[in-house]
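>>> Turn this into a model:
(one chain, ligands or ions: 1)
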Amino acid sequence: MDDVRETSAWVATHSSHVLVDSSDSRVNNAGIEKVVENIQGSIPKVEWDYEGIHYFDNGPLSVQYLFVLDALNFCFWPDKDLNYDHLASGLKAALQNDKSAFDADRLQKYTGPELRELLKWPRPLPLEDERVRLLHEVGFELERNFGGKASNLVESCGKSAAKLVALVTRHFAGFRDHSVYKGHQVFLYKRAQIFVADLWGAFKGQGYGEFYDIGSITMFADYVVPAVLEQLGVLKYSSRLANIIETNNEISSGSEEEVELRACSVYAVEKMKELIRIKSGKQVLSVELDLWLWSVGVQCPALQHHRTLSIYY
Ligand SMILES: Nc1nc2c(c(CN[C@H]3C=C[C@H](O)[C@@H]3O)cn2[C@@H]2O[C@H](COP(=O)(O)O)[C@@H](O)[C@H]2O)c(=O)[nH]1
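Here you go, the predicted model:
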């Protein structure tokens, strides 16, 4: 994850549309300072699965569930009624009905209408063809290299979060969330990292969720957390970008604006961590900050986020 941290920092120091309110001479430091002061060294604790929407049986099937979930954990906004909860709870119900629903051979055969039926969603899903393609890829690669089981993938990483992200992105092309920005490769790896975080959260840091280097993962650059950071005054948008977001205009995948929104969020959360450490001596995790910021965002339906058609978040 050093790649994610370093390349996001590069973007934040060369950005044109998004500024991070800290250590950047182009803005004053009010935003981050204020947030860190307000939380007084302790991040509001948000339980993983506080919504009670995920499948969990403390065994390998939970790992298979989380891997399938994070293979499909992107782009809910084009359908105004659909959100992440529907995906998590729809997959949970599907697995409770049929424990072999996510077997590697089955994953390779789902069609769009079957996936819809599985999730009990009455109309085509956003980017449905991509979702089906990615399910097939997960089934195929799991079968070819990991005996069909995501739990084998996790076990082969020796409890290292960094190794697990590297392995997922090496074997599963759909998780290779990176772009080229001003001639530089930028790594964000949102879905690969959130898979690690979901294991850690679900298994409470034990068994399949034990990672000695959980501190190495960054926040998960989605479309909710950047909007929260902007509301908090941590990110500042150019007036052009602010206008695009306010008017719900699409931002294309891989554009400067899009990469800046995501990479500056990663950088800002790293800065918040640093400031918390300096002010209170406490070492917090990016994943803890992320879950708090994300839960704030999803509880605020009026919050406007950027709109990019992407398979990565
Ligand atoms: N940064 C970050 N982004 C996250 C999550 C999660 C869910 N994590 C679960 C795991 C355990 C917890 O209990 C959470 O429930 C989803 N997303 C992203 O949000 C967007 C969907 O938004 P909306 O359309 O409003 O549902 C979409 O890009 C999705 O990929 C997170 O944790 N962090």
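
>>> now the strands for this structure?
18-20, 178-181, 184-187, 235-237 (DSSP state E).

>>> what are the pairing partners of the third one, and which direction each?
Partners of strand 184-187 in the sheet, by DSSP bridges, are strand 178-181 (antiparallel).

>>> who touches the partner strand?
Defining contact as Cβ atoms under 8 Å, 6 or more residues apart in numbering, one finds that strand 178-181 is touched by 11, 185-189, 253-254, 256, 258-260, 263. In this view, the C-beta of every residue, glycine as well, is placed from N, C-alpha and C.

>>> repeat for stretch 293-307
Outside of stretch 293-307, the residues within contact range by Cβ under 8 Å, 6+ apart are 46, 50, 77, 83-84, 219-220, 222-229, 231, 244-246, 248-251, 257-258, 261, 269.

>>> nearest spatial neighbour of residue 273, skipping sequence neighbours?
Distances taken as Cβ to Cβ, 6 or more residues apart in numbering place residue 284 nearest to residue 273, at 5.7 Å, with adjacent residues excluded.

>>> An error on my part: the question was meant for residue 44.
Residue 44 sits nearest to residue 292 (Cβ to Cβ, 6+ apart), 5.3 Å away.

>>> still on that earlier bit, the residue nearest to residue 273 against residue 43, yeah?
Yes. Using Cβ atoms under 8 Å, residue 284 is in contact with residue 43, at 5.7 Å.

>>> joint contacts of the two?
Shared contacts of residue 284 and residue 43, defined by Cβ under 8 Å, 6+ apart, are found at residue 276.

>>> sorry, back to before: the strands of the chain: which one's closest to residue 35?
strand 235-237 (11.3 Å; Cβ to Cβ).

>>> Which strands and helices lie in contact with that closest one?
Based on contacts counted as 3 or more Cβ pairs under 8 Å, 6 or more residues apart in numbering; DSSP states H and E, the elements that strand 235-237 packs against are strand 18-20, helix 225-231, helix 256-280.

>>> Check the gap between the closest residue to residue 40 other than its chain neighbours and the ligand for me.
Excluding its sequence neighbours, the residue lying closest to residue 40 (Cβ to Cβ, 6+ apart) is residue 280, at 7.2 Å. Distance of residue 280 to the ligand, computed by Cβ to the nearest ligand atom, to the nearest Å: 23 Å.

>>> contacting residues around residue 280?
Listed by Cβ under 8 Å, 6+ apart, the contact partners of residue 280 are 40, 41, 42.

>>> How many neighbouring residues does the first one have?
Okay, so that is residue 40. 11 (other Cβ atoms under 10 Å).

>>> Report the separation between it and residue 295.
The gap separating residue 40 from residue 295 is 19 Å, by Cβ to Cβ, to the nearest Å.

>>> Then the second one?
Distance from residue 41 to residue 295, counting by Cβ to Cβ: 19 Å.

>>> neighbour-wise, which of those two wins?
Using other Cβ under 10 Å as the criterion, residue 41 and residue 295 rank with residue 295 on top: 17 against 13.

>>> Kindly provide the distance from that one to residue 47.
Going from residue 295 to residue 47 by Cβ to Cβ gives 9 Å.

>>> Touching the helix or strand bottoming out on mean pLDDT in the chain from outside, list them.
In the chain, no helix or strand scores lower on mean pLDDT, DSSP states H and E than helix 30-39, which sits at a mean of 88. Around helix 30-39, the neighbours that count as contacts under Cβ under 8 Å, 6+ apart are 20-22, 232-236, 268, 271-272, 275-276, 279.

>>> okay, the angle between it and helix 256-280?
Angular relation of helix 30-39 and helix 256-280 on a 0 to 180 degree scale: 40 degrees, by axes from the mean of the first three to the mean of the last three Cα atoms, to 10 degrees.

>>> what's the most buried one of the helices and strands packed on strand 235-237?
Burial among the helices and strands packed on strand 235-237, expressed as mean neighbours by mean count of other Cβ atoms under 10 Å, is greatest for strand 18-20, which shows a mean of 26.

>>> so what strands line up beside that strand?
The pairing partners recorded for strand 18-20 under DSSP bridges are strand 235-237 (antiparallel).

>>> Is residue 150 in contact with residue 66, as I believe?
Yes. Counting by Cβ under 8 Å, residue 66 is a contact partner of residue 150 at 7.4 Å.

>>> ok, back up a step: which single one of the contacts of residue 280 is nearest to residue 60?
Nearest to residue 60 among the contacts of residue 280: residue 42, at 34.4 Å, using Cβ to Cβ.

>>> State the phi and psi torsions of the nearest residue to that closest one once chain neighbours are set aside.
By the measure of Cβ to Cβ, 6+ apart, the closest residue to residue 42 outside its immediate chain neighbours is residue 282, 7.2 Å from it. Per-residue torsions, residue 282: phi -90, psi 140 (degrees, to the nearest 10).

>>> got the contact list for residue 282?
Contacts of residue 282 (Cβ under 8 Å, 6+ apart): 41, 42, 276.
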